[in-house]
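# heads up, no residue letters with this:
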Ligand SMILES: Nc1ncnc2c1ncn2[C@@H]1O[C@H](COP(=O)(O)OP(=O)(O)O)[C@@H](O)[C@H]1O
Ligand SMILES: O=P(O)(O)OC[C@H]1O[C@H](OP(=O)(O)OP(=O)(O)O)[C@H](O)[C@@H]1O
């Protein structure tokens with residue numbers, strides 16, 4: 001089996017973290033998959049398991065070559081680690097959420113098995129972000145996330161999931177795509 005990344009992208013509120021968490025739970029006993037934590041300069045929260053670091057720590061680790069892919073958005077710095085890349089290179093299917101703007105760079109620099117775009121109608125996104133209530137999800141933060149949805153680049157995705165029904169519906173399709181990566 002050739003390992004590599006399955007990259008999850010889409011606008012704020014589409015359900016990326018939700019579907020990744022459901023797929024991770026469904027595949028928890030399957031050692032062929034990895035769902036590594038991203039490194040983010042955001043305090044720990046209940047919405048996404050991530051490795052929370054300061055900006056200074058992020059920059060120091062960047063200088064040390066610790067990142068496989070890094071980007072900035074919403075006033076935060078984000079990275080996938082070199083350790084995650086080594087997992088992909090050693091044969092695991094590594095599932096991670098990145099920026100739509102980083103897809104081309106990721107395809108050029110990393111072993112990428114598939115890009116999955118999660119989406120939903122703009123009014124659905126706005127309602128979900130407002131209801132989510134994470135720091136930055138209200139007022140100007142909500143407006144900025146919605147503007148970013150509109151201005152994002154077209155994504156060359158291998159699978160597009162419209163997550164407007166129950167989360168389990170799209171999560172089952174994501175799980176099927178992940179298992180198909182193993183069988184290639
Ligand atoms: N299919 C769905 N139906 C209803 N609510 C959903 C669905 N998928 C996700 N949500 C909710 O929408 C909000 C945004 O989901 P989240 O996974 O944080 O999106 P993203 O990571 O793409 O920004 C969360 O509060 C989540 O519980
Ligand atoms: O360039 P974009 O495609 O707009 O994506 C920018 C960032 O936003 C999302 O992160 P985050 O989880 O912080 O935000 P979200 O939950 O509101 O999508 C996504 O995972 C990227 O890290």
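It's in. Because the structure is a prediction, the values reported are computed rather than measured. Ligands and ions are numbered 1, 2, ... in the order given.

# C-alpha from now on. contacts and neighbour counts both.
Fine.

# give the contact list for residue 85.
Residues near residue 85 by CA atoms under 8 Å, 6 or more residues apart in numbering: 4, 68, 110.

# excluding its backbone neighbours, what's nearest the first one?
By that I understand residue 4. In this structure, residue 4 finds its nearest non-sequential neighbour in residue 88, 4.3 Å apart by CA to CA, 6 or more residues apart in numbering.

# ramachandran angles for the one you found?
phi -60, psi -40 (degrees, to the nearest 10).

# repeat for residue 98
For residue 98, the backbone dihedrals (degrees, to the nearest 10) come out as phi -130, psi 180.

# which non-adjacent residue is nearest it?
residue 9 (5.8 Å).

# for beta bridges, what are the partners of the one you found?
For residue 9, the beta-bridge partners under DSSP bridges are residue 117.

# isn't it right up against residue 102?
No - using CA atoms under 8 Å, residue 9 makes no contact with residue 102, being 9.4 Å away.

# can you tell me how far residue 77 sits from residue 70?
Distance, residue 77 to residue 70, using CA to CA, to the nearest Å: 7 Å.

# those two: which is more packed in?
Set residue 77 next to residue 70 and count neighbours by other CA atoms under 10 Å: residue 70 wins out with 21 against 18.

# list the contacts of that one.
Contact partners of residue 70, counting by CA under 8 Å, 6+ apart, are 77, 78, 79, 80.

# cool, thanks, signing off.
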